[in-house]
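Undergrad: quick one: sequence plus predicted model below, questions after.
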Amino acid sequence: MMHSGRSTSDPSAFRAALRDLVESAPEPEDHPSADQWLAYQRGTLPAAEEERLQEHLVRCRDCFDLAEGAAAFAAEDAADAPPRRTSWQSRLPLALAASLFVGMVGLTVWNLALQRELTDLRAPQPNPLIFDFAAGERLPTADAETVLPATPGPWVLVFHPASEQPVYRLTLFEAAGGVRYSGELRLDQNLTLTLHLPEGLPPGRYRLELADGSGGVLETHRVRVEAR
Amino acid sequence: MQGTGDGEDEAGRAVLDFQRGGDREKSFEVLFHRFRPRIERFLASRVFSVEERLDLTQAIFLRIYRGLEGFRGDGSLEGWVLQIACNVYRKWRDHQPGGRQAVPEVPFEDTDGAPEPAAGLEPSPSATRSPLDGIVQRERMAALREAIGALAPKQRLCMELRVYQERSVQEIATVLRISPETVKAHLFQARHRLREKLHDAFGTIDV
């Protein structure tokens, strides 16, 4: 290249040459209006028109000032804008809303659980079947057998012991000899002993032994549960 | 009458009321409240002194007050006020010592440490031109034209505004509606490309 070796170290040479180059282009005549610069700064002009206005800025100092002024005019008025909040202030409403939401969900779940429980309590309960086992003067004979229907529970077995003891032990034997229930019972205000069997008893033969506190058998009842 | 919102509509109505024989003071008050924040923003980045800003604000509104009869509604009221503000500011600026250079500028630091020359102080290469220099100069200008033309449009714009208009990075960013960092990036890229292509012709490219 011809200019090789003729370079200059003058840093202003490039600037001067670029100025000459810019000035060699025809001077713009149609200056955009203040309204056009406002529209430009608000971004409402087509892209081609924006490019034309930007090119115009290179040569025109007055329009540069106008474009800069339009930027100040187009910026949102600080007086119109809501005051800026600090970070914790801006997050506070969201945090409160989230807490309220979680609280409401928790209360709703709790309320539904309470309602379900109340509904269960209000639902009609099956009447327990009450079987009375008399004693005293009408002690059952050794082979006497009480027949009970195999209905679903709950069952209530009521005993009337002939002798008054401070505590009784009632044992329910299965036919095979296994103990299905064994527990201490005390007389209630009606001088009866009550055994609750929530599930009733399946069909089969059973033996009920009522003993005193020392284990002496006071009475024995044979029971046969029959399916119907 | 054009407008950009309810505030402009209200200000426009105030001017129309005045032109139809209404109270000048009342109409002016509406305009003052509407445009004062914008004019203060307009002056804030251009005039350092608070007293001078207040004086200029007063001068601008005085021109608006006196010119209310003359507003014909060819453009928007906002554009009319902007034009008045620019005219008053330019008149004030041109009367400052040093003219445009008296206006504070945001310095662009990435200039390889070289001080930025003041406008118009460099001798033009064409001032002392011999026949050989003329040939070389034409070649350099051709190389410059080609290198500038090869830049991306925004890089070229930033470079030309920086060199020809002698504007700060912040000013260029404002008029091009991009961030100052983007302007710096464009200038950096442009400088890099121009150095590659024009180092033989111009040596140091300091922008």
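TA: Thanks, I have it.

Undergrad: longest helix in chain B, by number of residues?
TA: The longest helix of chain B (DSSP state H) is helix B:180-202.

Undergrad: for that one, buried residues please.
TA: B:180, B:182-184, B:186-187, B:189-191, B:193-194, B:197-198, B:201-202 (16 or more other Cβ atoms under 10 Å in any protein chain shown). Placement of C-beta: from N, CA and C, glycine included.

Undergrad: lowest-confidence entry in those residues?
TA: Least confident of these in the model: B:A201, at 71.

Undergrad: does that one touch B:R138 like I think?
TA: No: the criterion here is Cβ atoms under 8 Å, and B:A201 misses it with B:R138 at 11.3 Å.

Undergrad: got the domain boundaries for chain B?
TA: B:6-100, B:131-202 (automatic domain parsing).

Undergrad: let me know which of these is tucked in deepest.
TA: Of the domains of chain B, the one with the most neighbours on average (mean count of other Cβ atoms under 10 Å in any protein chain shown) is domain B:131-202, at a mean of 18.

Undergrad: quick check, that one touching chain A?
TA: Yes: shown here: domain B:131-202 in contact with chain A (Cβ under 8 Å from any Cβ of the partner chain) through B:135-136, B:139-141, B:143-145, B:148, B:153, B:157, B:159-161, B:163-165, B:167, B:171, B:174-177, B:194, B:198-202.

Undergrad: take the residues you listed and keep only those in strands.
TA: Counting by DSSP state E, no part of the residues of domain B:131-202 next to chain A is found in strands.

Undergrad: tell me how far the helix ranked longest in chain A lies from the chain's centre.
TA: Longest helix of chain A, by residue count under DSSP H: helix A:87-122. Mean C-alpha position of helix A:87-122 versus that of the full chain (Cα atoms, centre = their mean, to the nearest Å) differs by 9 Å.

Undergrad: buried ones in that helix, by neighbour count?
TA: Within helix A:87-122, no residue qualifies as buried by neighbour count (16+ other Cβ under 10 Å).

Undergrad: export the next helix or strand after it as PDB, just CAs?
TA: Of the helices and strands lying after helix A:87-122 in sequence (DSSP states H and E), the nearest is strand A:129-133. Output of strand A:129-133 as PDB, limited to C-alpha atoms (Å, rounded to 0.1, in the frame of the first residue of the first chain):
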ATOM      1  CA  LEU A 129     -77.100 -56.200  71.600                       C
ATOM      2  CA  ILE A 130     -77.500 -56.800  75.400                       C
ATOM      3  CA  PHE A 131     -77.300 -60.400  76.600                       C
ATOM      4  CA  ASP A 132     -78.200 -61.000  80.200                       C
ATOM      5  CA  PHE A 133     -76.600 -63.800  82.200                       C
END
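
Undergrad: partners of strand A:129-133, with directions?
TA: When pairing is defined by DSSP bridges, strand A:129-133 lines up against strand A:155-159 (parallel).

Undergrad: what's the first helix or strand after the strand it pairs with?
TA: Per DSSP H and E, the helix or strand that comes after strand A:155-159 is strand A:168-174.

Undergrad: burial count for the closest residue to A:G215 other than its chain neighbours?
TA: Leaving aside its sequence neighbours, A:G215 sits nearest to A:R169 (Cβ to Cβ, 6 or more residues apart in numbering or on different chains; 7.0 Å). When neighbours are counted by other Cβ atoms under 10 Å in any protein chain shown, A:R169 registers 19.

Undergrad: any stretches of chain A with poor pLDDT?
TA: A:1-11, A:76-87, A:135-143 (pLDDT under 70).

Undergrad: sorry, that was for chain B
TA: B:1-8, B:98-129, B:207.

Undergrad: quick one: the most centrally placed residue in it and A:S24, what's the gap?
TA: Central residue of chain B (Cα atoms, centre = their mean): B:E171, 6.5 Å from the mean position. Taking Cβ to Cβ, to the nearest Å as the measure, B:E171 falls 24 Å from A:S24.

Undergrad: same check on B:K91?
TA: 30 Å.

Undergrad: that older thread, pretty sure the residue nearest to A:G215 contacts A:R186?
TA: No: using Cβ under 8 Å, A:R169 is not in contact with A:R186, being 10.8 Å away.

Undergrad: quick revisit: so which of the residues of domain B:131-202 next to chain A belong to helices?
TA: For these, secondary structure assignment (DSSP H) places B:135-136, B:139-141, B:143-145, B:148, B:153, B:157, B:159-161, B:163, B:171, B:174-176, B:194, B:198-202 in helices.

Undergrad: okay, stretch A:27-42 in PDB with CA atoms only?
TA: Extracted in PDB, the C-alpha atoms of stretch A:27-42 (Å, rounded to 0.1, in the frame of the first residue of the first chain):
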ATOM      1  CA  GLU A  27     -25.400  18.400   5.100                       C
ATOM      2  CA  PRO A  28     -28.900  17.400   6.200                       C
ATOM      3  CA  GLU A  29     -31.600  19.800   5.500                       C
ATOM      4  CA  ASP A  30     -34.900  18.300   6.700                       C
ATOM      5  CA  HIS A  31     -34.500  18.600  10.500                       C
ATOM      6  CA  PRO A  32     -36.800  16.400  12.500                       C
ATOM      7  CA  SER A  33     -39.300  18.400  14.700                       C
ATOM      8  CA  ALA A  34     -39.300  18.400  18.500                       C
ATOM      9  CA  ASP A  35     -42.400  16.100  18.300                       C
ATOM     10  CA  GLN A  36     -40.400  13.600  16.100                       C
ATOM     11  CA  TRP A  37     -37.600  13.500  18.700                       C
ATOM     12  CA  LEU A  38     -40.200  13.000  21.400                       C
ATOM     13  CA  ALA A  39     -41.700  10.200  19.500                       C
ATOM     14  CA  TYR A  40     -38.200   8.800  18.800                       C
ATOM     15  CA  GLN A  41     -37.300   8.800  22.500                       C
ATOM     16  CA  ARG A  42     -40.600   7.200  23.400                       C
END
